[in-house]
Each structure stands twice: as structure tokens, then as C-alpha cells.
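Undergrad: Pasted the sequence and its predicted model underneath.
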Amino acid sequence: MMLAMILAAIDGLLGIGACFGAAIAAIGAGIGIGKIGAAAMEAIARQPEATGDIRSNMIVIAALIEGVALFAVIVCVLSFFL
Amino acid sequence: MMLAMILAAIDGLLGIGACFGAAIAAIGAGIGIGKIGAAAMEAIARQPEATGDIRSNMIVIAALIEGVALFAVIVCVLSFFL
Amino acid sequence: MMLAMILAAIDGLLGIGACFGAAIAAIGAGIGIGKIGAAAMEAIARQPEATGDIRSNMIVIAALIEGVALFAVIVCVLSFFL
Amino acid sequence: MMLAMILAAIDGLLGIGACFGAAIAAIGAGIGIGKIGAAAMEAIARQPEATGDIRSNMIVIAALIEGVALFAVIVCVLSFFL
Amino acid sequence: MMLAMILAAIDGLLGIGACFGAAIAAIGAGIGIGKIGAAAMEAIARQPEATGDIRSNMIVIAALIEGVALFAVIVCVLSFFL
């Protein structure tokens, strides 16, 4: 029974860690993709005829941040099932 | 009964983690989408004829942040039911 | 009775978490929508004839932040009833 | 009697959480609506003939922040009665 | 008597929470209304003939912050009577 208690307590701690981890990963994505998006908007306003290039590059570079952030959130979800 | 007590305590800790996690994910979305939106407003004011391009790109890049933030909030909700 | 005490303590912890979580989500919405609104005001002052475009885009992008923040507050309310 | 003591302690914790939560939500509203209002004042000074547009947009976007902040305060009040 | 002692202690905690909460809500109002007021002063200095418009808009937007902050202080006062 002592073991069951400890295991339950561990589950709780894991849950808190998962929630904070997912949230902090979302902040990371927000800071990074936010900066990229802001610069892309200004770039389109400055050079409207380069919109296609700016859009494709914006998506490529934002996808890199998105990839890490989503992977981090998935690692946090994983902690529920292990 | 000892086990039931521990399980209840765990539920409480999980609830606190979920609340803080969801709130911090909302801050992440606020920082990121806020920057993008601010730059988009200035870009429309600077180049009003590029409004269509700016709007579509703004929504694409904001959707990337929205995706991570909503996923993080859902991970936090998940912690209630696991 | 021991169990009832623990359950009551858990309710208290959950309540504190819900209050803080809802408040932090409101800060997130304030940061994000505040930036967007400030830039929109300046954009209208700079280009008054683009007011319609700016208003519609402002509401679209602010609604994305509003969605995440309200969802986070609802997650916090949820913690009262689970 | 032990139970009554614990319940009273819980009420105290809930009250502290509600007070701090409501106050932090007020900070969130202050940051967000403050930015919007400051930008609106400068915008009116720069383009006095666009005052009507600026005022209506200012109120729309400030209402979005007001909504989340008031909802957060109401969640905090709710914690007194649950 | 044990119960009376605990109840007194709880009242003390509630009082501390109410005091800090009211103070933090005042900080929120200070940040927000301060920004708006500062911008309004500069706006009047820049465009003295728009003073009427600036004053009326300043009062409208400051009233929104005032509303949330006063509500938060009332929640804090409420904690004395519950």
C-alpha cells in the first residue's frame, strides 16, 4: 500500500509537470512565431510584390518553431501514459 | 482509506497544475498573436492596397500559434480526466 | 472523517488554482489584445480611409486571442466542478 | 469539530485566492485597456477628424479585454460560494 | 475554544488577502489609467483644439479600467463578510 501511495503521488507530480511544460512550450512558440509573423507583415507592407516569397519563407521558418513546440507538448502528454 | 486520501490530494495538485498551465498557455498566445496583429495593423495602414495579402498571411501565421496554445490547453484539461 | 477533511482541503487548493489561473489568463488577453488595439488606433490615425479593413482584421485577430483566453478561464471554472 | 476547523481553513484559503485572483485580473485589464487608451489619445491628437472611428473601435477592442477580465473576477467571486 | 481560535486565525488570513488584493487592484488601475492619462496630456499639448474629444474619450476608456478595478476591490471587501 505504501508503494501505491507513492506511485499515486508521482502521478500527480507528473501531471503538474506536463501542464506547466505544455504551457511554457506554447510561450516559446508565441515568442518565436510572433516575431517572425510581425516582421513578415512589415515586409509585405514594404514590398507588396514579394508577398509570395515572404509567405513561403515565413511558413518554412515558423514550421521549425512549430515542430519543436508541438514535439515538446507531445512529450508532456506522454508523461501521462508512462 | 489512506490511498483514497492520497488520490484526492493528487487530484487537487493536478487541478492547480491544469489551471496554471491553461493560463500560461493563454499568455503565450497573447504575446505571439498580439505581436503579429500589431504588425499587421501597421502594415495595413502603410500599404492599404495589400490588405488581402496581409490578412491571409496574418491568419496563417496566427493559426500556427493558436494551434500550439490550444493543444497545450487541451493537455491541461486532459489532466483532469486521467 | 479524515477523508472528508482531505477532500475539503483539496477543494480549497483547487479554488486557489482556479482564481489565479483565471486572473493570469486575463493578463494574457490584456497583453495580446492591448498590443493589437494600440496598433489599430495608430493605424486608423495614419490611414483614416482604411478604417473598415483595419477594424475587420483587428476583430479577427483579437478573436483568436479571446478564444484561447476564454477557453483557459473555462478550464479554471471546470476545476470547481470536477 | 475537526471537520469544521478544516472547512473554516479552506474558506480562508479560498478567500485569499479570490482576492489575489480578482486583483491580478484587474492588472491584466489595466495593462491591456491602458495601452489601447494611450494609443487612442495619440491617434485623436494626430487625426482629430477621425475621432468617431477611433472611439468606436477603441470601445469594441477594449470590450473584448473587459469581457475576459470581468469573467475572471466572476470566477473568483464564484469560489466564495462553492 | 479550539474552534474559535481557528476561526480567528482564518479571519486574519482573509484580512491579509483582502488588503493585498485591494492594493494589487489599485496597482492595476494605476498602470492602466496612468498610461491613458499621460497620453491624453501629450495629445492635448499637441492638438489643443481637440481637447473636448480627448477628454470625453479619456473618461470613457478610463471608466472601463475603473470598473474592473472597483469590482476587484469589492470582491476583496466581500471576503470580510463571508
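TA: Now that the structure is in, tell me what you want to look at.

Undergrad: Let me see the contact set for residue A:57.
TA: For residue A:57, no residue counts as a contact, taking Cβ atoms under 8 Å, 6 or more residues apart in numbering or on different chains as the criterion. C-beta coordinates here come from the backbone N, C-alpha and C atoms, glycine included.

Undergrad: Report pLDDT for it.
TA: Predicted confidence (pLDDT) for residue A:57: 94.

Undergrad: And it, how far from residue B:57?
TA: Distance from residue A:57 to residue B:57, counting by Cβ to Cβ, to the nearest Å: 11 Å.

Undergrad: Repeat that for residue A:29.
TA: Separation of residue A:29 from residue B:57 (Cβ to Cβ) stands at 17 Å.

Undergrad: what about stretch A:15-34, near chain B?
TA: Yes. Stretch A:15-34 reaches chain B (Cβ under 8 Å from any Cβ of the partner chain) through A:15-20, A:22-34.

Undergrad: Now list the buried members of those.
TA: Applying a neighbour-count criterion of 16 or more other Cβ atoms under 10 Å in any protein chain shown, the buried members of the residues of stretch A:15-34 next to chain B are A:15-16, A:18-20, A:22-34.

Undergrad: The residue positioned nearest the centre of chain A and chain B, how far apart?
TA: When chain A is reduced to its mean C-alpha position, the closest residue under Cα atoms, centre = their mean turns out to be residue A:69, at 2.6 Å. Distance of residue A:69 to chain B, given as Cβ to the nearest Cβ, to the nearest Å: 5 Å.

Undergrad: Need the nearest residue in space to that residue, chain neighbours excluded.
TA: residue A:29 (3.7 Å; Cβ to Cβ, 6 or more residues apart in numbering or on different chains).

Undergrad: got it, and residue A:38?
TA: With sequence-adjacent residues excluded and distances taken as Cβ to Cβ, 6+ apart, residue A:38 is closest to residue B:39, at 3.6 Å.

Undergrad: For chain A, which segments count as helices?
TA: Here chain A has its helices, by DSSP state H, at A:2-46, A:51-81.

Undergrad: and these, which one is worst for confidence?
TA: Of all the helices of chain A, the minimum mean pLDDT falls on helix A:2-46 (a mean of 87).

Undergrad: returning to what we had before: wait, the residue nearest to residue A:38 sits on residue A:35?
TA: No. Contact between residue B:39 and residue A:35 fails when scored by Cβ atoms under 8 Å: they sit 9.5 Å apart.

Undergrad: So for these two, which sits in the more crowded spot?
TA: Taking neighbours as other Cβ atoms under 10 Å in any protein chain shown, residue B:39 and residue A:35 compare with residue B:39 leading, 26 against 17.

Undergrad: Contact partners for that one?
TA: A:37, A:38, A:39, A:40, A:41, A:42, C:39.

Undergrad: Let's see that with 6 Å instead.
TA: Residue B:39 is in contact with A:38, A:41, A:42, counting by Cβ atoms under 6 Å, 6 or more residues apart in numbering or on different chains.

Undergrad: Report the contact partners of the residue nearest to the centre of chain A.
TA: If you count contacts by Cβ under 6 Å, 6+ apart, residue A:69 has them with A:25, A:28, A:29, B:68.

Undergrad: again, only this time at 7 Å
TA: Contacts of residue A:69 were listed using Cβ atoms under 7 Å, 6 or more residues apart in numbering or on different chains, and they are A:25, A:26, A:28, A:29, B:68.
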